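> would you be able to build a 3D model of this:
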Amino acid sequence: MSEYTGIITENQNMTKDVYILRILLDNELGHRAGQFVNIEADIDDEKRIKAYSIASPCNQKKSIELCIKKIPGGKMSNYLYNLPIGSKLKITGPYGLFVVEDCKNNCIFVATGTGIAGIKPIIQDLLSRNCRKNIMLVYGVRKEEDIYYKHVFETLAKQYPNFSFVTTLSRPRTEWKGMKGYVQDWIKNNVKYTNQDVYVCGLPDMVEGVASVCKGLGFTDSHIHTEKYV
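This next block holds a predicted model:
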């Protein structure tokens, strides 16, 4: 773990309440795909620390991308959103064990909402390292406009025959023709355990729900890997 000074270089809105923050660091981070950093800030005369998954590929050593949802009343998410370009941040890290050391088995990645930030770089890293195992992403959001990084995954699916992804919406519009419902239901109805690994990232209820479904399908604990957002 090290301490860095980061400079905000870009703030890009993805939806009305989710934005991408791009930060240039004063030194190389040296992180692994799936890890996170802590951002420290004094907000309303109080020191606050918040963890965010690094959404950018791990070959980007001195710049990071964070995918952040503005939470009503959320001190850090709203504070960061309102900072001007060029603002400095205190960042520590990298942290976390939600990483894939080797691609020994077929993999199923499951994410909801901004939980995709922790999973996107892992998938990018595995594919760039010529992993030949089948890699599937199951991504759950409320509405079609909430499918973050859609173009990234569509491009990867065209480029790598062993990668596929499905999106399931919990509150789709009537014109939506794709999958509907929660990721837990999709897993339960469409997955059979064949010694593959599952990696789940998102809010605790979803993560625990998917893990429970996977255990019911025969997944052993050693094949279930989780990262809970709090």
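> where do the strands sit along the chain?
Using DSSP state E, the strands found in the chain span residues 2-13, 18-25, 36-43, 46-53, 63-69, 88-95, 107-112, 135-141, 163-169, 179-180, 197-202, 224-228.
> rank those by pLDDT, which is bottom?
The stretch with the lowest average pLDDT out of these is strand 179-180, scoring a mean of 92.
> who does it pair up with?
Strand 179-180 pairs in its sheet with strand 163-169 (parallel), by DSSP bridges.
> residues contacting the strand it pairs with, please?
123, 127, 134-144, 147, 150, 153, 156-157, 176, 178-183, 185-186 (C-beta atoms under 8 Å, 6 or more residues apart in numbering). Yep, even glycine has a C-beta here, placed from its N, CA and C like the rest.
> then stretch 204-219?
Contacts for stretch 204-219 (C-beta under 8 Å, 6+ apart): 110, 112, 115, 140, 182-184, 187-188, 191-193, 198, 200-201, 221, 223-224, 226-230.
> let me know the pLDDT of the residue located most distally from the centre of the chain.
The outermost residue of the chain relative to its centre, with distances by C-alpha atoms, centre = their mean, is residue 45 at 30.5 Å. We have a pLDDT of 91 for residue 45.
> one more: residue 60?
Residue 60 is assigned a predicted lDDT (pLDDT) of 89.
> what's the burial count for residue 221?
9 (other C-beta atoms under 10 Å).
> ok, it - contacts?
By C-beta under 8 Å, 6+ apart, residue 221 lies in contact with residue 215.
> quick one: it from residue 108, how far?
From residue 221 across to residue 108, the span is 16 Å (C-beta to C-beta, to the nearest Å).
> now do residue 90
Residue 90 sits 36 Å away from residue 108 when distances are taken as C-beta to C-beta.
> looking at the two, which is more packed in?
Applying other C-beta under 10 Å to residue 90 and residue 108 shows that residue 108 carries more neighbours, namely 21 against 14.
> centroid residue for this protein?
Note: the chain centre (C-alpha atoms, centre = their mean) maps to residue 117, 2.2 Å.
> skip the chain neighbours and tell me the closest residue to residue 22.
Of all residues not flanking residue 22 in the chain, residue 10 sits nearest, at 4.0 Å (C-beta to C-beta, 6 or more residues apart in numbering).
> tally up the residues packed near the one you found, please.
Residue 10: 13 neighbours (other C-beta under 10 Å).
> before we move on, what about residue 226?
Using other C-beta under 10 Å, residue 226 is surrounded by 18 other residues.
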